Structures are given as C-alpha cells and as structure tokens.
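Peer 1: Next one to model:
(one chain, ligands or ions: 1)
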Amino acid sequence: MNNDEIIRAGLGTKLVWAGEREQRVNRATQVPVVLSVAYGYDDMEEWYDVAIGRKPGHIYGRNTNPTVAAFEDKVRILEGAEAATSFSTGMAAISNILYTFLRPGDRVVSIKDTYGGTNKIFTEFLPNMNINVTLCNTGDHDAIEKEIEKGCKILYLETPTNPTVKITDIERMAKAGKAVGAIVVVDNTFATPVNQNPLALGADLVLHSATKFLGGHADSLGGVVCGSRELVEQIFHYREINGATLAPWDAYLLLRGMKTLKLRVLQQAKSAMEIARFLQKQELVEAVYYPGLETHVHHDIAKKQMRGFGGMLSFALKGGMDSVSILLPRLKYANCAANLGAVETTFGPARTTSHVECTAEERKAMGIPDGLVRISVGIEDVEDLLADLEQAFANLVKHIKRN
Ligand SMILES: *Cc1c(COP(=O)(O)O)cnc(C)c1O
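Peer 2: Numbering: from 1, shown residues only. As a prediction, this is how the structure comes out:
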C-alpha cells in the first residue's frame, strides 16, 4: 500500500491505515511510542542535513517525533490536505494559527459563538496587540459577508458551534474571504472529518481539538491543523519555537482512538437523532437544537455541507437551573462533565461548560437560556440512553408536581 492507494480508499480504511506503515519498527504491527527526546547521528554531515531540513529525519522532540508524525499524517489524509502539524491542545492549535499570521493593525472577522477559549483570545488577548476583531452574529451570513468585504487578514469560522449547534455556510463564507485575500480558518472539532471537510469547501486551514472526537476516549489532549504546505510550514515554525508540542503518549492514544472514529461518529449521530426526537416530545423541554432536525434554523446548510449531523445536541429545560439540577444527577449513563466527543454520553449545562466565563445576562444576550444543557452522545445502546432519560424526566415531572 502506498500513499496514492490510501488516498483513494474509503474513510473507514483511511482511519485504520493512513500514516501507520511509515513509522513501524522491528515488524511491530503498531506505531511505536517513541519517548526519546533526541536522535543520535554518527555522520556529522547527515546530522546537519536533517537539522536544516535538507533530509527527512528527527533531531529533537520539541520539533518532531515519529509517533506524532504518524498522527499528523492520519489527520492530513482524512482532511485531504497537503500538510498537517500538531499541538499539545486544541487551544494551542488555535492560538498558534492566529499568532503565526497576525500582526499589529490586522483585522480578524469571526462569529460570536466560537469555543469559549477562542472567544477569550479574540476579546482579551488580540486587542492587546492592536489587532481588531469583529464578531458577527453566528448564522447571519449577510452580516458576516459585509464585515469580510471591509477587508480582513483572517476569517475564522467554527461550525457547528457550541452549545446551540449553529451552522455557517463554509463554501459561501470562504468565497467571500478569498475575495479579500483572507486566510480562511475552520474549527472542525464538532463535525469531525467523518461529517465535513472544510478544505474541500474552500477553507485554507482546518483545525481540530483532537481531545474531543478524534481521540474519542477523553484520556488525551491534542490539537492539529491541516492545509497547504506553505501555510502549515509557517505555523509549524512558530510552534517548534514556542514549544506547544504534542506529547508522544498522547499522539499514540489519539492515533489509536482515531481508528474507530467512523464507527463512533455514525453511532453517535444515529443516537443523537433519536434523542433529539425524544426531547422534542417532552413537555418540560422548551427547545431542542440539533442540525439534523427539520426545525433547526440551518438544517438546509447542514444538509448541503455535512455528510452526517454529528453527536452534539442541546436542549433548553423549563425551570432553568433548578430543573437542570434535578434532572442531571438522576442519569445513570452520563458523565456530568466539561468534555465532549467521548465514548461515554456526557451532559453539561452551558452555564458551567461552554459559557462558564459569561454572566447570566451575557448568556441571555447570546441566546443561551439558563436551562440550556449540552449533550455529547456516546456509543452506548440508544435504548438504554432513552430509558435513562425517560426515568430522569419522569422524576423531574413528579418533583415539579409535588412542589
Ligand atoms: C474543546 C474545544 C477546543 C479546545 O480544545 P482543547 O483541546 O481543550 O484545548 C476548541 N474548539 C472546540 C470546538 C472545542 O470543542
């Protein structure tokens, strides 16, 4: 099997085989976890050639590592990219991309609903460097286009978003971004390469918090960006100097997790749809947000640019946090925790997860009701998840009637 063959293979095959063979040693069928910090050379000329990048090879662990390289290659092939580089976390990926390209006086256009950490970079750190950031209402495509037309260095998108799963039309926005010479960046964490490939829709760079669906087991942190060699090399250079390097153990865990990504994501999406329909029927549920529902504001865009609707959904519970505090502890098959994308179903109120930094008023202004709960659907049997929700809702109804 060579690289051309793996590029033509199906998604599930790519997930299992891409990037694996090149890094094997001593006939081991699995990629080794190379913990060595440095690589020894007897030939001083060869050492020099590798050090200046004239020859392939590794020198020092902050720069490159064979286990990490296998992970980068797998994601690169999945996103159909020329190059990829990785980071210690998803936030490291995001900040390294931004700090590689932005200079004082530059302008960024983005949306209000980006991941909490990303939003903090936009509102707290970039303005300190005299970088202007304009955050548009998520999903208001005309407004985003108008802001792009004024000119920007980076157009930064995330779709679907946290926690109300809003969708942005990547193809349309990328076209507008390209017209003004912007670098178009898309956070593809929620969709995963199983459901969406932003580069094929016109984006320049696609990034992931690998901590979430790619790894899938909530036991390792990592981030990755894919795009043209020209752009990725610049980001890699910034990262090898500032040192936000992905650790070999984490690279291995992410690599192993990714082999089952397609199976997990397909199951999660199927269950998410059933759970969304179940929630729609609950009297105590005010609204359900899932792009797979015909009632979702951006269902048509989602259908156009995504192959599936993913495992993330949210719902607003009547009675706000009081109701949430009764409902969630009753669930048997759910972690109440801040992460997402794991094999276990995970519930979290927006107040303590995605929007913990915001005041109640700010959340309200952003269209996030007090009783909003995010669900990251796991791979358990959906019958068990539905029965679990059923009993938790029955308990909540009983509690409300009693009071
Ligand atoms: C979690 C997350 C991030 C940040 O990733 P970390 O690995 O936690 O740093 C970025 N974007 C999205 C959409 C996320 O869910």
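Peer 1: And the residue of the stretch 101-250 of the chain closest to the ligand?
Peer 2: Sorted by distance to the ligand under Cβ to the nearest ligand atom, the residues of the stretch 101-250 of the chain start with Ser209, at 3.0 Å. All C-beta spots, glycine's among them, are computed from the backbone N, C-alpha and C.
Peer 1: Near that residue, how many other residues are there?
Peer 2: By other Cβ atoms under 10 Å, the residues close to Ser209 number 29.
Peer 1: how close does the closest residue to it other than its chain neighbours get to Ala360?
Peer 2: If you skip the residues right next to it in sequence, Ser209 has Gly90 as its closest partner in space, 2.5 Å away by Cβ to Cβ, 6 or more residues apart in numbering. Separation of Gly90 from Ala360 (Cβ to Cβ, to the nearest Å): 27 Å.
Peer 1: Can you pick out the residue with more neighbours from those two?
Peer 2: Gly90 (25 against 13).
Peer 1: How about the contacts made by the more buried one?
Peer 2: Contact partners of Gly90, counting by Cβ atoms under 8 Å, 6 or more residues apart in numbering, are Tyr115, Gly117, Thr189, Leu207, His208, Ser209, Ala210, Thr211, Lys212, Leu221, Gly222, Gly223.
Peer 1: Which ones among these map onto strands?
Peer 2: With strands taken from DSSP state E, the overlap with the contacts of Gly90 comprises Leu207, His208, Ser209, Gly223.
Peer 1: Now for those residues: which two are most distant?
Peer 2: Within the ones in strands among the contacts of Gly90, Leu207 and Ser209 form the most distant pair, 7.9 Å apart (Cβ to Cβ).
Peer 1: Just the closest residue of the stretch 251-400 of the chain to the ligand, please.
Peer 2: Of the stretch 251-400 of the chain, the residue with the smallest distance to the ligand, taken as Cβ to the nearest ligand atom, is Leu340 at 6.1 Å.
Peer 1: what residues are up against the residue lying closest to that residue once chain neighbours are set aside?
Peer 2: In space, and not counting its chain neighbours, Leu340 is closest to Ser376: 3.7 Å by Cβ to Cβ, 6+ apart. By Cβ under 8 Å, 6+ apart, the contact list for Ser376 reads Gly311, Met312, Asn339, Leu340, Gly341, Ala342, Thr345, Thr346, Phe347.
Peer 1: Need phi/psi at Glu132.
Peer 2: For the record, residue 132 is Asn, not Glu. Backbone torsions for Asn132, taken as degrees, to the nearest 10, come to phi -90, psi 130.
Peer 1: tally of neighbours for it?
Peer 2: Other residues near Asn132 number 14, with proximity taken as other Cβ under 10 Å.
Peer 1: Let me see the contact set for it.
Peer 2: Taking Cβ under 8 Å, 6+ apart as the criterion, Asn132 is in contact with Asp106, Arg107, Val108.
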